[in-house]
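J.: Based on what follows, work out the 3D shape:
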Amino acid sequence: MPNPPPLTDTERQQIRDLHHQGLGCNAIARELGRDRSTISRAAADMGITFDRKQTRQATAARAADNAATRAQLASDLLADAVRLRKQLWEPCTIHSFGGRDNSYNCMDVDEPPFRDKRDIMGTAGMAIDKALRLTDYDANSGASEARSMLSAIAEALEVAAQHLPDDEA
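T.: Alright, predicted model coming up:
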């Protein structure tokens, strides 16, 4: 595999600008269409560092964006399920091909046949199930973060208690 072309002065300036905007190494690499290692080496040559606080902030922002996307998708899936469910009781046209002459037939009916209703209910149920899973995913992620924070507080209190004089402990 041939080596990629060296970074241009424009790309080096883009690295500086994107870093200044708070983007991390991976995000800059995606933005410029370059390997992460190329961006990392160039940043080091330019004296740019990617501190963990900045990376944590970028990760938190991305997590928030993903949560918003999941919430919108869950809402869309529930709306899809509602639209599908309405089809159960609406007039429809049944199409069929077949017979010796492979003829086409269609017929308007007051509501879909049972088999089609079963398929519609199955599809609506899948949409509802997926929406609930997306909602549960975000609801459960907060609980694990809370447990992690409480564990960190408990550890800090234990360390602080070890440093107290004996008469205060």
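
J.: Give me the residue at the spatial middle of the chain.
T.: The chain has Asn66 as the residue nearest its centroid, 3.9 Å off, counting by Cα atoms, centre = their mean.

J.: contacting residues for Pro113?
T.: Pro113 sits next to Ile94 when contact means Cβ atoms under 8 Å, 6 or more residues apart in numbering. All C-beta atoms are positioned from the backbone trio N, CA, C, and that covers glycine.

J.: Quick check: phi and psi on it?
T.: In this entry, Pro113 is assigned phi and psi values of phi -70, psi 160 (degrees, to the nearest 10).

J.: Could you check how far it is from Arg83?
T.: Separation of Pro113 from Arg83 (Cβ to Cβ, to the nearest Å) stands at 19 Å.

J.: Send me stretch 45-60 as CSV with only the CA atoms.
T.: Backbone C-alpha positions of stretch 45-60 (Å, rounded to 0.1, in the frame of the first residue of the first chain) are rendered in CSV as follows:
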residue,chain,number,x,y,z
ASP,A,45,5.4,18.4,15.3
MET,A,46,3.4,21.6,15.6
GLY,A,47,3.3,21.4,19.4
ILE,A,48,-0.4,20.7,19.6
THR,A,49,-1.6,18.3,22.3
PHE,A,50,-4.9,16.6,22.7
ASP,A,51,-5.5,16.8,26.5
ARG,A,52,-7.9,14.4,28.1
LYS,A,53,-10.2,17.1,29.3
GLN,A,54,-10.8,18.2,25.8
THR,A,55,-11.3,14.6,24.7
ARG,A,56,-13.7,14.0,27.5
GLN,A,57,-15.7,17.0,26.5
ALA,A,58,-15.8,15.9,22.9
THR,A,59,-16.9,12.4,23.9
ALA,A,60,-19.6,13.8,26.2
